[in-house]
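Colleague: what follows is a protein structure lacking sequence information:
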């Protein structure tokens, strides 16, 4: 077949000047290959096709052999072992609690955010999988179709466009493959769960007398998932006793259950001060483990205080033994009073993938080649979390204004008051009229166990194809290509376990059917008061006691949620690169290109979700799009070569001009330099101005509701005097002042802490982020020393500063700016409850909003070191020992909410450890290969924004993996492997303390939650 780029010839020399992310297959060549002299090649660090492979920018490579040896189902798993990648924004272990993105797998270079890491396939863009974002789902990458992965760290916007602020991850697919390659693999944890299996077939053939080649890949994988109750350290809600071998904040070692129990808690009998203002509730009723009503509540089952009124047996809730199935034990989620959420939560979501990929090319002539690529992926995922927690008040309660649930009602058309027949007599006797309508009411908080766990199912379809032409010009001195790239993603998501608030409100207004409205001859039945509601199927809801809500009421109240998204991307581009002319030191390289890109996306929620009438987050529909026209140029000039102390001195630069339909024209550029004083040593440096234009969601998203965790109210503990500026600003709020008058100091309950909500939103007036990044490093290749002939060592310092960062102000920062600094702009983002509600205290925070603005600054810096070495040992035929290591030390990773604000440092915090490394050692011969890979995460601390500097720490963490392959024949390979060989458990980290979003009592997106697991498989090649 006629070929214009000899990939096999050009890959091997890359080890001379480029570090590798993982143990490189290419380093196992017996001798370093010479630089190719005839073929033009392109590496991700430059757009210039040239005979040289030296890279001024730090570039690391993962080989196909590394992927095979790791036995991964998704390539994300392997990439995350490399310390240049931060905690992923989305993965199997952190997406169960999100309203979208379940099962998506992303990468995040330098912990700067997935939207600042550009993902490419064969140097071309890939459509995102999350509506409104630039986030690419690695589930769409056919792992066994990959030839190598190039990881370029540092700003690369001038080379590849917006989103490449932190760097580029370029997946290079196999080309010109002939034959059949198939593999099948099965894996399972030592505990017998999270089974994983995959099957892949790749076939390729030449045609038309070698002028054409076509490749086809089919892949299937299934990861069954893991629940929190399947691991001892995540089985029980916030088990303080295992948190750093002691209780949190000195609290005795005990579970920390949710205050929304399935039997309900009921706040009744508010007291009033002399001015008629409510100052507290007399009792909080609930049902004890024996099913009896009790006038007190504690999440861990403490007894009632002395002086509490005696409660007679309630005939509606007869005495039961604690072992009775009517009151399940902790393992099923029910504590003595509180609720164990972890019994229901998904720890790692199940993911099932179908993949089809094809590529081909055909030589139309000696200088023109046609090519195409096509990919289809279907990903299915699901999640389960605990039953819905519902309260009478709050932003999403049944009665948001005050939270009072009327337990008395007027008979329709009369002034006659009747009591709800479901209400226990003791509750009714102690209740007051708190909203002034003449009817007694109570507040309640209840876990809707009768509705079952909340669940969601997601199906995501991905389509992408590329068609184009490429070729050579001027005696192969230049390489050119033109292409059209189309991508589309459709997502359909359904969820259950939520409620229709309007129907629930109707079902709670209940009276006795004294007139036999039901027509069944009984006058003692309970019915919905509203005739219209009854006509629509209303069935009365009894919320008093575990399991009290009837199946008929559940059927009337429950609501299914739906969510659909669609994304489209079209890219038309043309490039030309090669050698302008020869200088004494070598050819002057140049690359030129133009690109037009158009993107659009939409997200569509069901009507109840749009209005917040399913008692969940208010989520708007969002749609938008943009287009951009771009042109770039890159130049590389060799100044000196093959002279003393200047084996090579080369400089280069690139510039890109982009015209966005949203933000107008932006410019990015870079400069590079490489100096090789001797053959064994080279120095390299880069400077880059990178840009990131706002994405569709940041520009056009409406106000969507969220429930942030880990916030600390600056007013807590403030008294009637003192507290400085914070005290004065807190007492200026009427609700806070009322709370202080009632309690002596501003006091919050657990519901106040857990009940903070807020809205996030886009901003059509956003403009681009700008980043200045530079690197300086050295590459040591001591080829002159025979014993070290295959050794490569790289060391690079990086420094990135991003200004005009697009983000909402962190909510804790907003609170600090308002109350400590008195900044009214931030105070306007905060809403406090003016009076006490049935569940929440007066003055407690209701909302803290956060809208996208260009205001923040991000700074990060650190050092990367890699080393690779291989040598034959001569013990058996074809044997070789290979060693590889990669280490990153993060000097700083600071976020400034405003350029003048104090830094919020994250370097050294959980998920952004200061020290990380991965190391690999393997031995191979003609018959087998065995390898070990170790991954180290340094000692880390919880986020000091919540708990003060270095309040709690997690010890250093080390994982060891092992793999072995047996080469039965040239066509058949059998392999086995063990991940987490030492069976390290994930450390316990309280979610309320760290603010983590994984829904578990550990940072499940950072540490291994599965434990020791095994896999085995076969590969066949024909």
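Modeller: Yep, it's here. None of these values were measured; they are calculated from a predicted model.
Colleague: buried stuff in the helix or strand hosting residue 172?
Modeller: Assigning secondary structure by DSSP states H and E places residue 172 in strand 167-173. By 16 or more other C-beta atoms under 10 Å, the buried positions in strand 167-173 come out as 167-173. In short, each C-beta sits where N, CA and C put it, glycine included.
Colleague: distance check, the residue lying farthest from the centre of the chain against residue 540.
Modeller: Of all residues in the chain, residue 521 sits farthest from the chain's C-alpha centroid, using C-alpha atoms, centre = their mean; the distance is 57.5 Å. Distance, residue 521 to residue 540, using C-beta to C-beta, to the nearest Å: 18 Å.
Colleague: where does pLDDT dip in this protein?
Modeller: The chain contains residues with pLDDT under 70 at 1-43, 49-54, 238-256, 270-282, 299-337, 395, 750, 838-839, 944-951, 990-998.
Colleague: select the longest strand from it.
Modeller: strand 558-583 (DSSP state E).
Colleague: that one - contacts with which helices or strands?
Modeller: strand 124-125, strand 454-473, strand 478-499, strand 586-605, helix 607-611, strand 622-643 (3 or more C-beta pairs under 8 Å, 6 or more residues apart in numbering; DSSP states H and E).
Colleague: tell me which strands it pairs with, and in which orientation.
Modeller: Here strand 558-583 is paired, per DSSP bridges, with strand 478-499 (antiparallel), strand 586-605 (antiparallel).
Colleague: can you point out the buried residues in stretch 573-590?
Modeller: Neighbour-count burial for stretch 573-590 [16+ other C-beta under 10 Å]: 573, 575-579, 585-590.
Colleague: quick check: the farthest pair among these?
Modeller: Largest separation among the buried residues of stretch 573-590 by C-beta to C-beta: 573 and 585, giving 31.1 Å.
Colleague: right, so of the helices and strands packed on strand 558-583, which gets closest to residue 859?
Modeller: Comparing these by their distance to residue 859 (C-beta to C-beta), the top pick is strand 622-643, with 26.9 Å.
Colleague: any idea of the angle that closest one forms with strand 558-583?
Modeller: Taking axes from the mean of the first three to the mean of the last three C-alpha atoms, to 10 degrees, strand 622-643 and strand 558-583 form an angle of 30 degrees between their directions.
Colleague: strands paired with strand 622-643, and their directions?
Modeller: strand 586-605 (antiparallel), strand 646-660 (antiparallel).
Colleague: next structured bit after the shortest one?
Modeller: Looking back up the chat, that one is strand 646-660. Beyond strand 646-660 toward the C-terminal end (DSSP H and E), the next one is strand 664-678.
Colleague: how far off centre is that following strand?
Modeller: 32 Å (C-alpha atoms, centre = their mean, to the nearest Å).
Colleague: which residues belonging to the next helix or strand after it are considered buried?
Modeller: The C-terminal neighbour of strand 664-678 among helices and strands, as given by DSSP H and E, is strand 681-692. Applying a neighbour-count criterion of 16+ other C-beta under 10 Å, one finds 682, 684-692 buried in strand 681-692.
Colleague: can you redo these as JSON lines with distance to residue 57?
Modeller: Conversion of the buried residues of strand 681-692 to JSON lines gives the following (distance: C-beta to C-beta, whole Å):
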{"residue": "682", "distance to residue 57": "13"}
{"residue": "684", "distance to residue 57": "8"}
{"residue": "685", "distance to residue 57": "9"}
{"residue": "686", "distance to residue 57": "5"}
{"residue": "687", "distance to residue 57": "10"}
{"residue": "688", "distance to residue 57": "8"}
{"residue": "689", "distance to residue 57": "14"}
{"residue": "690", "distance to residue 57": "12"}
{"residue": "691", "distance to residue 57": "17"}
{"residue": "692", "distance to residue 57": "18"}
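Colleague: ok, so of those, who is nearest residue 456?
Modeller: Nearest to residue 456, judged by C-beta to C-beta, of these is residue 692 at 30.6 Å.
Colleague: quick one: the closest one and residue 163 touch, right?
Modeller: Yes: A contact is recorded between residue 692 and residue 163 when judged using C-beta atoms under 8 Å, the distance being 5.8 Å.
Colleague: which neighbours do the two share?
Modeller: Listed as contacting both residue 692 and residue 163 by C-beta atoms under 8 Å, 6 or more residues apart in numbering are 115-116, 157.
Colleague: which of the residues you listed tops the neighbour count?
Modeller: Within the shared contacts of residue 692 and residue 163, most neighbours by other C-beta atoms under 10 Å means residue 157, with 31 neighbours.
Colleague: now do the contacts for that residue.
Modeller: Contacts of residue 157 by C-beta under 8 Å, 6+ apart are 163-165, 656, 668, 688-692, 771.
Colleague: go on, residue 284?
Modeller: Contacts of residue 284 by C-beta under 8 Å, 6+ apart are 265-268, 295-297.
Colleague: tell me the helix or strand right after the helix or strand harbouring it.
Modeller: For residue 284, the element it lies in under DSSP H and E is strand 278-287. In the C-terminal direction, the helix or strand that comes right after strand 278-287 (DSSP H and E) is strand 293-294.
Colleague: in its sheet, what does that next one sit against?
Modeller: Strand pairing for strand 293-294, determined by DSSP bridges: strand 278-287 (antiparallel).
Colleague: quick one on the thing from earlier: let me have the buried residues of strand 167-173 in CSV, extended by distance to residue 952.
Modeller: Output for the buried residues of strand 167-173, formatted as CSV (distance: C-beta to C-beta, whole Å):
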residue, distance to residue 952
167, 32
168, 36
169, 33
170, 39
171, 39
172, 43
173, 45
